[in-house]
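Asks: Generate a structure from the sequence data that follows.
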Amino acid sequence: MALATSEIVRIKQLLQELKFCENEQMKLYCDNHATFHIASNLVFHERTKHIQIDCHFVREKILSKDLITEFVSSNEQLANMFTKSLRGATIQFICSKLGAYDLYALV
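Replies: Okay, here's the model as predicted:
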């Protein structure tokens, strides 16, 4: 989540330098409830010591209203198209959401 946030911030800064976009909130979609709780919780536990710096960065962006986090279920995660082996209705659903179509399908 921290890596995606840093990439989003860089892209937003680039677009603002090019005067291509306005200063709007960025949306970060994630399918893991634990990451939302860790990013929003001010108390760190023993198991999260190694990720404190990343959490502070993400929390800072959320508190400054630069970033909005939203949950998306694993079944509707569009990134699954590129990271997992999918079949049938799931791949058709994701392709339709991405606007992709089969070039070789008969009309």
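
Asks: Residue 6 - nearest residue in space that isn't next to it in sequence?
Replies: residue 57 (7.2 Å; CB to CB, 6 or more residues apart in numbering). Glycine gets a C-beta too; all of them are placed from N, C-alpha and C.

Asks: check contacts around the one you found.
Replies: 2, 5-6 (CB atoms under 8 Å, 6 or more residues apart in numbering).

Asks: quick one: it from residue 71, how far?
Replies: Distance from residue 57 to residue 71, counting by CB to CB, to the nearest Å: 20 Å.

Asks: Residue 12 now?
Replies: 22 Å.

Asks: Pick out whichever of the two has more residues nearby.
Replies: For residue 12 and residue 71, the more surrounded residue by other CB atoms under 10 Å is residue 12, and the numbers stand at 17 against 11.

Asks: The worst-scoring helix or strand of the chain on mean pLDDT: how far from the chain's middle?
Replies: Each helix and strand of the chain was given a mean pLDDT (mean pLDDT, DSSP states H and E); the minimum falls on helix 33-40 at a mean of 72. Distance, stretch centre to chain centre, for helix 33-40: 13 Å (CA atoms, centre = their mean, to the nearest Å).

Asks: packing partners for it?
Replies: helix 52-63, strand 67-71 (3 or more CB pairs under 8 Å, 6 or more residues apart in numbering; DSSP states H and E).

Asks: can you put the ones you listed in CSV and add mean pLDDT and distance to residue 19?
Replies: As requested, the helices and strands packed on helix 33-40 are exported to CSV (pLDDT from 0 to 100; distance: least, CB to CB, whole Å):
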stretch, mean pLDDT, distance to residue 19
helix 52-63, 79, 22
strand 67-71, 85, 22
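
Asks: which one of these lies closest to residue 24?
Replies: strand 67-71 (9.9 Å; CB to CB).

Asks: average pLDDT for the helix or strand that comes right after the closest one?
Replies: Once the chain leaves strand 67-71, the next helix or strand it forms, by DSSP states H and E, is helix 80-83. Averaging pLDDT along helix 80-83 gives 77.
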